[in-house]
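*Asks:* Fold the following.
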Amino acid sequence: MDFKEHAIRKLYDARARRDWDTARMLLADEVGWHEPGEEDHSGDYRGREEVVALLEKLVAVTEGTFQLEPEAFLNSVEHSAVFVRWSAERDGMRSKGNEIAVYRFRDGKIAQVWFYVDGFEPEAFSTVFGFD
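*Replies:* Predicted coordinates for the structure are as follows:
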């Protein structure tokens, strides 16, 4: 297995177990995390602590139901593109969809991540992932 795929799988596993120390270890100090769209969590996050705080908040607002399942990887020298299925619930409303996550590595750590989300119902997505 490619080292990038191994690290990314380890990150998804750490997120599922809420093991934020392991997640921090996999991220570069100045990691860039880019969430698309116009949602409360959309935007650019910089640095390990800011990214982990976002990940923790996404778990909290989804009442611990946020799940990510990486299904396929395409690896190059510096990048990995991952096809991911995700789902979450909040107050009885469910949101699910797909995303392509593109990871860039530097010095063995995750240095940048870009997300491209598809296949979801916008109103449910906004409700489930809202920060209100």
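
*Asks:* Going by C-alpha atoms from here, please, whenever you check contacts or count neighbours.
*Replies:* Noted.

*Asks:* give me the beta-bridge partners of the closest residue to Leu27 other than its chain neighbours?
*Replies:* Closest residue in space to Leu27, ignoring its immediate chain neighbours: Ile110 at 4.8 Å, by CA to CA, 6 or more residues apart in numbering. Taking DSSP bridges as the rule, Ile110 bridges to Leu27, Phe105.

*Asks:* neighbours around Ile110, how many?
*Replies:* Around Ile110 there are 27 other residues, counting by other CA atoms under 10 Å.

*Asks:* Check what pLDDT the nearest residue to Ala101 once chain neighbours are set aside gets.
*Replies:* Ranked by CA to CA, 6+ apart and with sequence neighbours excluded, the top spatial neighbour of Ala101 is Phe115, at 4.6 Å. Phe115 is assigned a predicted lDDT (pLDDT) of 98.

*Asks:* who are the neighbours in contact with Phe115?
*Replies:* Going by CA atoms under 8 Å, 6 or more residues apart in numbering, Phe115 touches 34-36, 99-102.

*Asks:* Can I have the buried ones of those residues as a ChimeraX selection?
*Replies:* The buried residues among the contacts of Phe115 can be selected in ChimeraX (16 or more other CA atoms under 10 Å) with this line:
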select :34,35,99,100,101,102
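
*Asks:* Leu11: which of the contacts of Phe115 is nearest?
*Replies:* Using CA to CA, Ala101 comes nearest to Leu11 of the contacts of Phe115, at 12.5 Å.
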